[in-house]
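*Asks:* kindly return the folded structure for what I paste below:
(chains A, B and C, ligands or ions: 4)
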Amino acid sequence: MKTFFSYGLVKGLIGQVIGSLVGAGLLTGIRALMGLGWKAEPAYVLGAAFGVIGYMIGIGGFRDWFSWARGEETPDVEDIQEKPGLRRYLGYSLDHKVIGIQYGFLSLFLLSVGGTFALIFRTELAQTGMQIVSLDFFNTLIGMHGMVLIVSILMGIAAISNYAVPLLIGARDMAFPRLNAFAFWLAVPASLVLVSAIFTGGFDTGWTGYPPLSLRAPLGMQMFFVAIFFAGWSSILGALNLIVTILKMRAPGMNLLRMPIFAWAVLATSLIALTATQLIGTSFQMVSFERLFGMGFFDATRGGNPILFQYLFWFYSHPAVYIFVLPGLGVISELLPVFVRKPLFGYKWVAMSSLGIALVGFLVFAHHMFTSGMEEYLRVPFMYSTLLVAVPTGIKFFSWTATIWQGRIRFPAPMLFVLGGIVVFLLGGLTGPPLGTVATDLHLHDTYYVVGHFHDTMFGGYIFPLFAAIYFWFPKITGRRMNETLGKLHFWLMTPSFLVMSLGQMAVGMQGMRRRIADYDPAQGFETAHLIITIAGFLIALSVIVFFVNLIISARRGAEAPGNVWESRSPEWAILPSPAPMHNYEKPFRVVGEPYDYGLKGSTYVEIAPQSTGD
Amino acid sequence: MKHLTVAGVLVLISTILVYLLLSNIGLLPVNASVEAQPIDRLFNLHYWAIAFLFSLIVVFIAYSLIVFRRRNGEDGDGQFFKGNDRLEITWTIIPLGFVIFLSYLGSVTLAETRKAEPQPLEIKVTAGQWFWRFEYPEYGIVSDKMMMPVNKQALLKLTSLDVIHSFWVPEFRVKQDLLPGENLVKELRVTPNLTGEYKVRCAELCGTSHAYMESPVIVVSQADFDAWVQEELNLLGADPSARGEKWARNNGCTSCHSIDGSVSVGPTWKGLYELEQQLADGSMVTVDGAYLHNAIVNPNAQVAAGFPANVMPQNFKDTISEQQITDMIEYIKTLK
Amino acid sequence: MSTSSSSLTAYRQRLGINRLGLWLFFLSDAFVFGAFLFTRFYLLDGKRPHLEQSLGLVVTSVLLISSFFMNRAEAQMSKGDRKGFLTSTVITMLLGIAFLVGVVGFEWRLAPFGPADGPEGAVFYMMTGMHAFHVFSGVVFLFIILRNGIKGRYTPERHWAVEAAANYWHFVDVVWIFYYPALYLIGVV
Ligand code: HEA
Ligand code: HEA
Ligand code: CUA
Ligand SMILES: [Cu+2]
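*Replies:* Ligands and ions are numbered 1, 2, ... in the order given. Here you go, the predicted structure:
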């Protein structure tokens, strides 16, 4: 029992419960002093916010910072030796690899939760009429599905970046290890608050939370806002850390153009996450305050304007979609050369295209608002900027194609997912321009076509590369390989089902299927299509279960793989043993070549520096 | 070079096949308005673009995977080449040109969908949770279905009573959100060119019954339209409770209140009059004309027990005339 | 931040990392303030809330002067003048508190509208509230460096915390330089 309570995770949870009670009690107490009675909404909001802070206190996230504030010193992270074992993963570890894996677990957990929501409402949609859930619960489910999975994506990219970036650039850890742990653990209570929205009445607005609907939605809406506010901060702090790490902690000789391409992708992503994310927190905070204090931002009867919210919201949420995909595209660029045994075609161009996408991505957000009734003269300029994104994205595709051309191609599981990702993301990307040209979007907006478009982009740009990354770096994490047969089964089950699902969604969407509806008009004749989509959805879930089984089996009994299993040039394979030791590289290495010169005889990317010159 | 030629030919074949597939499986519903014509033409161009670009990349990749795969027992690396700036510039410039061209076409098409005829038929469209109301100011008619004469442009003035809704008839292609707020009335022009029955389907999530927020849109010949107008005008003379029934339908009351005793979003109207009603604060009232009036113009003042406050629109006193309210009260009185 | 890095070179290297981190944080935070600024112009356009002009001028001057003392405090620290550093920090803190009292204590009371009174109220309370929250946290940071300064934790070579708190203070000050005209000067009542 005593050990149970010493796990950081448990201490955090206790802190969260106490914090919630304190928050809600404080508010109620103040109201009582002012002669007011119990009111649920402010008490819940303050309770949830205090709960998150309570969690961070409970787990010890503030301990070192408070010590600094008192003028005490704390040990250097490099001098901390954490005891190996499961315990590290359940507590406040400062090792970036542990944090990466913690992120990964949270991400996969949320993927299962969010995916399960999808399966429930897909079952409802398999037939017309309402069979298993109520209208309101259906509306809650789609919003939860969307937001839980988006948080899952944010956690997933943080997982890959946290684990891989310091290894790839030869750093001993992240620039701010404490901030790193803090950012991760902040997301845990935030996720709990998010899921709690289901039990506090839900919300019927979808993940976008447009007012005035969100001003009238049940209490669950506020939980959703509080959760995303903190999840947003987690993402901002993580991004800040990654930028500093990449800019300041590279191994000697690794100038920016000799950096592994994945680091470029993370740099571009983090620049977006650092800045744009503030806007989603802010816009949700404004709705929350409008509900709490009657501030007239968005409600026309109070003198506000609902369009304003959409500007603020999409200023984050469009760039966010590039946050979702850029790391995934980086994984594709990183792994392709290894498996085709050829240099990455046009390294510089691929690197710059990430920055290009990130930059142009800031200028296109109003393409979600073509029919919203925003200022009409803005529609055409936003159409131009929207389509402009196709250009840097195209550079990536053409460069990948040229990389594969005349390679010596192998097909282990990670490579399959890379290829699947390319094709699926291509479909998703190509279905973007019809949404971007305003006239066609007038028809397509808020239909299942959009749903198909973004499942394609998110699977192709995130889910497939995520699986590729896990299959690829699993030996580095555990020292064992993942089972190939199960991996192939996973791939061949998931890819065709996914294509059926998303193409089916696009087809019914063009024919007139609206999004976010719990029931559809039988006269439109979509029943068969919806049944097929539902079945495909379940097959995807099955394939994910296969993956989970593989993960567990391989972690215990997979074939041992201590060395450079993929014959990669990258330092984490070429130099480090598997599993990677704490604090990574014993001795610093030096970059002496190009990262992807596969096929160039006698060249290497990195070598151990003969003598550490010290500082 | 041989490889390139073969793959190139395959790309062309595949482009044509994919295009034929896309344009023949009936992806779009019937096209029933003048505004839909340029939009469908633009869709067709998109089919070509998607077919070509998809083929271009997928064929090249698939070709490599098959031809250049590592065969059993083979070892070693692929051809060593690291890039080619001229190639990169090419595939930056050409797509750049193409997207500019596409945007240009997009704006031309958009302009075509917004062409204004000199004398359109004005229809005021009001949306609320979860109903549509159509007003014809020229004739003084209010209706719960939208009648449109064929080949005549309608100018829709769109507004909402509560949250954001979206006006969309898939067969007309065009779509426009309806915003609450007097200063946020939006316009949309539609010229139906094919008679038939369609439905306006609310395309913006607007709460519980969003899925069911559909109303008939009926496109008829000018003669039939005139006949309908006459019929509606005749109805107006009848007795107050018959008028009240019509107002109740047109104002969307019946989407929340049943007249057969079943419970819906709001309390049923059957037997409501002279009922001993319990209120949310626990007190009891006898429902009379004054109570009903108050319940309509100021729904939150006396909330029926077991039902939520804030759900029934608060602004009926501004949007419905006093005459209509009186008629509806007469109507409710008849529902024993 | 302040870990027990032994050598001075290591400390300097760390300083570079910390500085970049801090500036990135400012960049990020600037987007919050930017969002409110955008809101103000979108909702109110050419109007401005009816506020107490003289009070606005006073609090603005107070904040600007406080930045001067903040700068002095930091300069004195780098020169090793611990006494001067402490005095200047105390003055900065007092001016910061005076600003808070002026805005939250007086302006919030004098304003002829509450937060629920239309877009003016919403914009005004949101902007000043968020800014006041930042000033308040700045005062807390100043308090921390003051306490550690009294204990003698900082040396001319090693006083990153002082630098960070000072830069934060200036950042919040710069924000006000945008907010003041947006709320008090631009547009008609
Ligand atoms: C996850 C990532 C992701 C990505 C990468 C994209 C990429 C793109 N998206 Fe998408 N999008 C979403 C996720 C994403 N989207 C989501 C989640 C929504 C819905 C939000 C909601 O409402 O809930 C959405 C909605 C959405 C809309 C609003 C639809 C509506 O609601 O009406 C639009 C409109 O313009 C759009 C456009 C585009 C475009 C033009 C791209 C481009 O970046 C695509 C560029 C790529 C290519 C074009 C393919 C490769 C390029 C070539 C082969 C070169 C040559 C190509 C040409 C010359 C055309 N998207
Ligand atoms: C990464 C993001 C992501 C992912 C992976 C998915 C995955 C899926 N999505 Fe969804 N989706 C979104 C992001 C995502 N979605 C977003 C952002 C929206 C918009 C929401 C909105 O409109 O507000 C949306 C909306 C959306 C809709 C439209 C709803 C509507 O508008 O009415 C539909 C409908 O078909 C759908 C279906 C599915 C299905 C069937 C899957 C399947 O792939 C799911 C497969 C299932 C799993 C991955 C779970 C597997 C795990 C288990 C079954 C548990 C096993 C557990 C253990 C072993 C521990 N999604
Ligand atoms: Cu009205 Cu959806
Ligand atoms: Cu977008």
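*Asks:* B:T113 contacts B:Q37, correct?
*Replies:* No - counting by CB atoms under 8 Å, B:T113 stays clear of B:Q37, with 9.1 Å between them. For glycine as for every other residue, the C-beta is placed from the backbone atoms N, C-alpha and C.
*Asks:* more neighbours: those two, which one.
*Replies:* Neighbour totals were compared for B:T113 and B:Q37, and B:T113 leads with 24 against 16 (other CB atoms under 10 Å in any protein chain shown).
*Asks:* for the residue lying closest to the more buried one once chain neighbours are set aside, give me its contacts.
*Replies:* Sequence neighbours aside, B:E35 is the residue nearest to B:T113 in space, at 4.3 Å (criterion: CB to CB, 6 or more residues apart in numbering or on different chains). Contacts for B:E35 (CB atoms under 8 Å, 6 or more residues apart in numbering or on different chains) come out as B:E112, B:T113, B:F172, B:R173, B:V174, B:R189, B:V190, B:T191.
*Asks:* out of these, which touch ligand 3?
*Replies:* For ligand 3, no contacts are drawn from the contacts of B:E35 by CB under 6 Å from any ligand atom.
*Asks:* so which of these wins on neighbours?
*Replies:* Most surrounded of the contacts of B:E35: other CB under 10 Å gives B:F172, at 31 neighbours.
*Asks:* excluding chain neighbours, what is closest to it?
*Replies:* B:S33 (4.2 Å).
*Asks:* does the one you found touch B:V190 like I think?
*Replies:* Yes - counting by CB under 8 Å, B:S33 does reach B:V190; the two are 5.4 Å apart.
*Asks:* what's the overlap in contacts for those two?
*Replies:* The contact sets of B:S33 and B:V190 overlap at B:F172, B:V174 (CB under 8 Å, 6+ apart).
*Asks:* still on that earlier bit, list the contacts of the residue nearest to B:F172.
*Replies:* By CB under 8 Å, 6+ apart, the contact set of B:S33 is B:E171, B:F172, B:R173, B:V174, B:V190, B:T191, B:P192, B:N193, B:L194.
*Asks:* now with 7 Å?
*Replies:* With contact taken as CB atoms under 7 Å, 6 or more residues apart in numbering or on different chains, B:S33 is in contact with B:F172, B:R173, B:V190, B:T191, B:P192, B:N193.
*Asks:* quick one: average pLDDT of the longest helix anywhere in chain C?
*Replies:* The residue-count maximum for a helix in chain C (DSSP state H) belongs to helix C:8-44. In this model, helix C:8-44 has an average pLDDT of 91.
*Asks:* show me what that helix is packed up against.
*Replies:* Here helix C:8-44 touches helix A:220-248, helix A:261-293, helix A:306-340, helix C:118-150, helix C:160-180, going by 3 or more CB pairs under 7 Å, 6 or more residues apart in numbering or on different chains; DSSP states H and E.
*Asks:* what is the neighbour count of A:P75?
*Replies:* Using other CB under 10 Å, A:P75 has 10 neighbouring residues.
*Asks:* for it, phi and psi?
*Replies:* Reported as degrees, to the nearest 10, the phi and psi values for A:P75 are phi -60, psi 150.
*Asks:* for C:K47, grab phi and psi.
*Replies:* Note on C:K47: its backbone torsions stand at phi -100, psi 160 [degrees, to the nearest 10].
*Asks:* part of a helix, is A:Y596?
*Replies:* No - under DSSP: H, G, I helix; E, B strand; the rest coil, A:Y596 falls outside any helix and is assigned coil.
*Asks:* show me the contacts for it.
*Replies:* Residues near A:Y596 by CB under 7 Å, 6+ apart: A:P337, A:P343, A:L344, A:Y347.
*Asks:* distance of it from A:A358?
*Replies:* 22 Å (CB to CB, to the nearest Å).
*Asks:* show me where pLDDT drops low in the chain?
*Replies:* Using chain A. Applying pLDDT under 70 to chain A flags the ranges A:1-2, A:609-615.
*Asks:* the intended chain is chain C.
*Replies:* Counting by pLDDT under 70, chain C has low-confidence residues at C:1-6.
*Asks:* excluding chain neighbours, what is closest to A:Q102?
*Replies:* A:F184 (5.7 Å).
*Asks:* please confirm that A:G129 is located within a helix.
*Replies:* No - A:G129 is assigned coil when assessed by three-state DSSP, not a helix.
*Asks:* where does it fall, phi/psi-wise?
*Replies:* Taking degrees, to the nearest 10, you get phi 80, psi 170 for the backbone angles of A:G129.
*Asks:* my read: it touches A:Y520, true?
*Replies:* No - between A:G129 and A:Y520 there is no contact under CB atoms under 7 Å: 9.7 Å.
*Asks:* those two: who's more crowded?
*Replies:* Remark: of A:G129 and A:Y520, A:Y520 carries more neighbours, 24 against 9, as counted by other CB under 10 Å.
*Asks:* how close does that one get to B:F307?
*Replies:* For A:Y520, the distance to B:F307 equals 28 Å [CB to CB].
*Asks:* and A:A164, what does it touch?
*Replies:* Counted by CB under 7 Å, 6+ apart, A:A164 has contacts A:F262, A:W473.
*Asks:* ok so, going back, quick check: the two most widely separated of the contacts of B:E35?
*Replies:* Spatially, the most separated pair among these is B:E112 and B:F172, at 14.0 Å (CB to CB).
*Asks:* the stretch 1-150 of chain B: helices as residue ranges?
*Replies:* Using DSSP state H, counting those that start in this stretch, the helices found in the stretch 1-150 of chain B span residues B:2-24, B:36-67, B:85-113.
*Asks:* tabulate those (TSV), appending distance to ligand 2 and mean pLDDT.
*Replies:* Output for those, formatted as TSV (distance: least, CB to the nearest ligand atom, whole Å; pLDDT from 0 to 100):
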stretch	distance to ligand 2	mean pLDDT
helix B:2-24	21	93
helix B:36-67	22	94
helix B:85-113	25	93
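*Asks:* deepest in the core, which of these is it.
*Replies:* Compared across those, helix B:36-67 shows the largest average neighbour count, a mean of 19 (mean count of other CB atoms under 10 Å in any protein chain shown).
*Asks:* near ligand 2, which residues of the stretch 1-150 of chain A?
*Replies:* Taking CB under 6 Å from any ligand atom as the contact definition, the stretch 1-150 of chain A meets ligand 2 at A:111-112, A:115-116, A:118-119, A:122, A:142-143, A:145-146, A:149-150.
*Asks:* among those residues, which ones are in helices?
*Replies:* Judged by DSSP H, the subset of those located in helices is A:111-112, A:115-116, A:118-119, A:122, A:142-143, A:145-146, A:149-150.
*Asks:* circling back to that earlier point, mind checking how far the residue nearest to B:T113 is from B:P192?
*Replies:* Here the criterion is CB to CB. By it, B:E35 lies 9 Å from B:P192.
*Asks:* excluding its backbone neighbours, what's nearest A:T74?
*Replies:* In this structure, A:T74 finds its nearest non-sequential neighbour in A:D64, 4.6 Å apart by CB to CB, 6+ apart.
*Asks:* check A:V591 too.
*Replies:* A:G253 (3.6 Å).
*Asks:* which PyMOL command selects the buried ones in the residues of the stretch 1-150 of chain A next to ligand 2?
*Replies:* Only the buried entries of these go into this PyMOL selection, using 16 or more other CB atoms under 10 Å in any protein chain shown:
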select buried, chain A and resi 111+112+115+118+119+122+142+143+145+146+149+150
